[in-house]
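Trainee: take a look and give me a structure for this.
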Amino acid sequence: MIVVATAGHVDHGKTALVRALTGRDPDRLAEERRRGLTLDLGFAWCDLPSGRRAAFVDVPGHERYLHTMLAGLGPVRAALLAVAADQGWAAQTAEHTDALAAFAVPQLILVITRCDLADPGPTAAVARRELLMRGLPAPAPVATSAHTGQGLDALRSALDRLSPACPPGPGPVRLWVDRAFTVSGAGTVVTGTLLGGTLRVGDRVELCPSGTEGPIATVRGLQVCERSVTEASGPTRLAVNLRRVPLDAVPRGSALLTPDAWVAGTLVEVRLHAVGASANPPALPAEVMCHLGTARRPARLRRLADDLGRLRLSAPLPLHVGDRLAVRDPATRAVLGATVLDPMPPHMAGRGAAGRRRAALESATEDRCSPTSSPAAAWSAAPTCAVSASPCPPAGRSRNG
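Mentor: Here you go, the predicted structure:
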């Protein structure tokens, strides 16, 4: 399965496109259907010509729902950027594209929508230029119309050419919760995008609603696209029925984790990434908002160099070396990418400690600290902290928490 998030300005046809591809309406709420406006994350899927399945996470385009949009983009490794031919590049198109760059989403399909209303050529040229400026892939655009069906077959073929985030294989599970609800007779069910690892009925998982060491729960049942399964490997969309877990214990932003496989701490050192061809990342205030998966945390940023910093989070997050964060300025809404270099950095004390730490971080190579696409990749590539080279402690027991 490939999991794809939508991105783009409000009223540029993201939801209509998903509906036309899948025959399913991703707008679940009555208010969404009444207003014709996506307010929350929506989900749908379809089968592609090769027989593979594509699952979609439809995000809202309105500026008021920035946090929801980031929760939709955070866990995925492929995106469908929709730009309306008759409206062109717009404010939230730019904001969503900045978020894709911050999360380093490696695969992108550029879709020019509403082509029955205007020539897609000028909009496509502007969109490709904007993508290249941000260091994102700028593929040949697919011109579509959800109203007439133009270009839908070409879009299905483009989706079929996407590669999975990573091949299924062993590794720890970290399922970011994007939806939680109850089912009569079954109890609490959570859904999310599983990028790597394998989850089985009967497995025990750690619940991390706030990133701290949480209770252990048992997987009662699994569903993939509304079909019950006994096990599921990433990448896939997954619904997990948890035994004897109250609904309020797993809000959006929670994570289901392989026990003792993740570092949960409030202090993390990162490499900040410039946008596009810029030499250095732009300035950020001391108080920022950090996004990882579907979670968000207020944090305090201490710059150690132009592209190095230390974040003190308001609450712990389960992390691995190579995780990619989006760091946002709450005032200007500017967003940057940040790669985790050390999820359990040592305490700094004494004159010159910051300089020595900066030198240690600068010596860490990009090969060792490059963004990983999945928990399995992070587990196999970086089981130790990148800079201190010390074994990562079990989740919830980091020395900086």
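
Trainee: look up the closest residue to the residue nearest the centre of the chain, ignoring the ones flanking it.
Mentor: Using C-alpha atoms, centre = their mean, the residue of the chain that lies closest to the mean C-alpha position is Gly74, 1.4 Å off. Computed as C-beta to C-beta, 6 or more residues apart in numbering, the closest residue to Gly74 that is not its neighbour in sequence is Gly293, at 4.8 Å. Glycine gets a C-beta too; all of them are placed from N, C-alpha and C.

Trainee: residues contacting the one you found?
Mentor: 71, 74-75, 174, 176, 253, 255 (C-beta atoms under 8 Å, 6 or more residues apart in numbering).

Trainee: which of those residues sits closest to Leu117?
Mentor: Each of the contacts of Gly293 was scored against Leu117 by C-beta to C-beta, and Ala71 proved nearest at 30.9 Å.

Trainee: am I right that that closest one falls within a helix?
Mentor: Yes. Counting by DSSP: H, G, I helix; E, B strand; the rest coil, Ala71 is found in a helix.

Trainee: not counting its neighbours along the chain, what's nearest it?
Mentor: In space, Ala71 is closest to Thr294, 4.2 Å off (C-beta to C-beta, 6+ apart).

Trainee: mind listing the strands for the stretch 151-300 of the chain?
Mentor: 174-183, 187-194, 198-200, 204-208, 216-224, 227-229, 231-233, 236-242, 255-257, 263-273, 287-292, 295-305 (DSSP state E, counting those that start in this stretch).

Trainee: most tightly surrounded among the ones you listed?
Mentor: Of all the strands of the stretch 151-300 of the chain, strand 255-257 has the most neighbours on average by mean count of other C-beta atoms under 10 Å, namely a mean of 27.

Trainee: and that strand, how far out from the chain middle?
Mentor: Centroid displacement of strand 255-257 relative to its chain, using C-alpha atoms, centre = their mean, to the nearest Å, is 15 Å.

Trainee: after the longest helix seen in the chain, which helix or strand is next?
Mentor: For the chain, the longest helix by residue count, based on DSSP state H, is helix 120-133. Counting by DSSP states H and E, the next helix or strand C-terminal to helix 120-133 is strand 142-143.

Trainee: who does that following strand touch, helix- and strand-wise?
Mentor: Applying 3 or more C-beta pairs under 8 Å, 6 or more residues apart in numbering; DSSP states H and E, we find strand 142-143 packed against strand 107-113, helix 152-160.

Trainee: helices or strands up against the longest one?
Mentor: Meaning helix 152-160. Counting by 3+ C-beta pairs under 8 Å, 6+ apart, helix 152-160 packs on helix 14-22, strand 107-113, strand 142-143.

Trainee: just send these back as JSON lines, with mean pLDDT, distance to Arg356 and mean neighbour count too.
Mentor: Below are these laid out as JSON lines (pLDDT from 0 to 100; distance: least, C-beta to C-beta, whole Å; neighbours: other C-beta atoms under 10 Å):
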{"stretch": "helix 14-22", "mean pLDDT": "96", "distance to Arg356": "48", "mean neighbour count": "23"}
{"stretch": "strand 107-113", "mean pLDDT": "97", "distance to Arg356": "39", "mean neighbour count": "24"}
{"stretch": "strand 142-143", "mean pLDDT": "97", "distance to Arg356": "51", "mean neighbour count": "22"}
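
Trainee: could you dump these into JSON lines with distance to Asp153 added?
Mentor: Compiled in JSON lines, the helices and strands packed on helix 152-160 are given as follows (distance: least, C-beta to C-beta, whole Å):
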{"stretch": "helix 14-22", "distance to Asp153": "10"}
{"stretch": "strand 107-113", "distance to Asp153": "13"}
{"stretch": "strand 142-143", "distance to Asp153": "10"}
